[in-house]
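In: what follows is a predicted protein model with its sequence.
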Amino acid sequence: MKVSLRKLAHARSGDKGDTANVGLIALQPQYYPFLVKEVTSERVKTHFAGICKGEIERYELPNLGALNFLLHESLGGGGTLSLKTDAQGKTYSSALLRMEIDVPDDFEITNK
């Protein structure tokens, strides 16, 4: 079944120049393996099509149950150069949480 990432994780985002930085943190330890499997650089690139012009790097942080993504060339040159409404990428975390991933039909979501 398809599940929105917001049911499995929370996220934070920011910037460094023209690169947005999005951290995705599992709400429960058992969710992390599904995030690792399903939230790939390629899927994030597709999700941010038209926004991210460069490469996407993914870093795994298993001790934190988190993934970190660097979205290169996604801020129109960065905060001091960009005419974008969100030149610092602060809303990119919310945008990523709208992505849906596949989980088994019997997958139990235990968030309260």
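Out: Great, that's in hand.
In: and N21, what element?
Out: Using DSSP states H and E, N21 falls within strand 19-26.
In: just F69 next, same as before
Out: Going by DSSP H and E, F69 is part of strand 66-71.
In: so what does that strand touch, helix or strand wise?
Out: Applying 3 or more CB pairs under 8 Å, 6 or more residues apart in numbering; DSSP states H and E, one finds that strand 66-71 contacts strand 19-26, helix 32-38, helix 41-47, strand 56-61. No exception for glycine: its C-beta is placed from N, CA and C like everyone else's.
In: other residues contacting the longest one?
Out: In this case it means strand 19-26. Counting by CB atoms under 8 Å, 6 or more residues apart in numbering, strand 19-26 makes contact with 5, 8-15, 32, 35, 39, 44, 52, 54, 64-75, 89, 92-93, 96, all of which sit outside it.
In: need the buried ones from the residues you listed selected in ChimeraX.
Out: Burial among those is assessed by 16 or more other CB atoms under 10 Å; the matching ChimeraX selection reads:
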select :5,8,9,11,13,15,32,35,39,44,52,65,66,67,68,69,70,71,73,74,75,89,92,93,96
